[in-house]
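J.: Got a sequence here, can you build the structure:
(one chain, ligands or ions: 1)
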Amino acid sequence: MNPLKRLDRRRASVLSLVAATVLVTPGTAIGAPDAVKASTLGAQAAQSGRYFGTAVAAGRLGDGTYTGILNREFNSVTPENEMKWDTTEPSRGSFNFGPADQIANRAQARGQRLRGHTLVWHSQLPNWVRSIRDANTLRGVMNNHITTLMNRYKGRIHSWDVVNEAFADGGSGQHRSSVFQNLLGDGFIEQAFRTARSADPSAKLCYNDYSIENWSDAKTQGVYRMVRDFKARGVPIDCVGLQSHFGAGGPPASFQTTLSNFAALGVDVQITELDIAQASPTAYANTVRACMNVARCTGITVWGIRDSDSWRSGENPLLFDRNGNKKSAYNAVLTTLGGTPAAPRGTTDAAAELQ
Ligand code: XIL
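T.: Numbers count the residues shown, from 1 in each chain. Sure, this is the predicted structure:
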């Protein structure tokens, strides 16, 4: 076909799509012919093959404002506490999947993807594990915990945080003290990842931590060396999760460098628990831009929906205010993902948008 005709046909089909979009969703702005823009975070992130997720608390699923935003905006979900050890295996060998199932089933019914958080972590760990004194017992308990959780959600979780926060703060670049480290030694992380790969070969296996966003920090360097070593020796690891709990200034200047340096090792990177004190739009935009600029940055999760849902609620660090209204950081994120913020209600003028 003559290329001009093809272009005309393409334009015509885009215009009819545009017209349909305007009819169905007032306030949706019109993008360039080959990039019709979305008006929600998840849909916009999906246009570049990424996800945009949130932490979800089972206890809030009865709140209609909360679920309204959850259903509308996000295409990935991380249980905020419900898959942690103290909830899932409160006593040895006795598993409780009620709250995690609630979140997982709901997400699946709505076509949202699921992140698993987290299998091996020194915190929110029941006392019966913390007080184990024998390495063989602990190894068996750890492997059984990983295998049981991964089997339960097999095929339903796109990425699992296999090990969370194993590195120490400060300048050592070494692992922190924990029952796992103290009894099993440095090899406990490798052991956890090998067990995880056998349990669910299709899930991406992530190492997740905070304060690993600034490239020159000893903690970042320590995690980088571990991932490089795992890749060199064939220890299964597929992704690094950067929690990204930022202060008011947002990400460090080197954030994108850190993301691309990890990615260059042959792993995906994901921003897994994003929140920023006071939620400056610029700080949010800088964070999202860094991810957009790195091909292997496959998704972003914010750590809660409204400020009132946040574990840092005093710092108002999220994208929606206590009433569920979009904050200016929301618009900054949507724009940086490549979308266009919806016009405020009542001001939509489809004719003006079509210009
Ligand atoms: C937090 C939850 O948001 C809180 O509800 C809970 O009381 C404590 O844990 N790093 C992590 C997350 O990996 O699991 C933590 O979540 C925040 C820090």
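
J.: what about residue 161, neighbour count?
T.: 26 (other C-beta atoms under 10 Å). Where C-beta positions appear, they are placed from N, C-alpha and C, glycine not excepted.

J.: The helix or strand harbouring it near the ligand anywhere?
T.: Using DSSP states H and E, residue 161 sits within strand 159-164. Yes: Strand 159-164 reaches the ligand (C-beta under 6 Å from any ligand atom) through residue 164.

J.: Return the alpha-carbon coordinates of that strand using CSV.
T.: Extracted C-alpha coordinates of strand 159-164, given in CSV (Å, rounded to 0.1, in the frame of the first residue of the first chain):
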residue,chain,number,x,y,z
SER,A,159,8.6,-11.0,41.7
TRP,A,160,9.5,-12.2,45.1
ASP,A,161,11.6,-10.4,47.7
VAL,A,162,13.5,-13.5,48.7
VAL,A,163,15.8,-11.7,51.1
ASN,A,164,15.1,-8.3,52.6
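
J.: Helix or strand next in line after that strand, which one?
T.: Using DSSP H and E, the helix or strand that follows strand 159-164 in sequence is helix 179-184.

J.: And that following helix, how far out from the chain middle?
T.: Relative to its chain's centre, helix 179-184 lies at 28 Å (C-alpha atoms, centre = their mean, to the nearest Å).

J.: From here on, call the first residue 23.
T.: Sure, I'll start counting at 23 from here, so that last one is helix 201-206.

J.: what does the stretch 23-172 of the chain have sitting close to the ligand?
T.: 102, 103.

J.: Repeat the analysis, applying 8 Å as the threshold.
T.: Within the stretch 23-172 of the chain, the positions lying close to the ligand (C-beta under 8 Å from any ligand atom) are 77, 79, 102, 103, 106, 139, 140, 143, 145, 146.

J.: Going by distance to residue 158, which of those wins?
T.: Closest to residue 158 out of those is residue 143 (21.0 Å), distances taken as C-beta to C-beta.

J.: Residue 186 is in contact with the closest one, correct?
T.: Yes: in this structure, residue 143 is within contact of residue 186 by C-beta atoms under 8 Å, at 4.0 Å.

J.: Would it be right to say that residue 227 lies in a strand?
T.: Yes: when classified by DSSP: H, G, I helix; E, B strand; the rest coil, residue 227 is found to be part of a strand.

J.: I'd assumed residue 263 was in contact with it.
T.: No: Residue 227 is not in contact with residue 263 according to C-beta under 8 Å; the separation is 10.6 Å.

J.: show me where pLDDT drops low in the stretch 273-377 of the chain?
T.: Scanning the stretch 273-377 of the chain for pLDDT under 70 picks out the ranges 364-377.

J.: my bad, the chain
T.: Ranges of the chain meeting pLDDT under 70: 23-58, 364-377.
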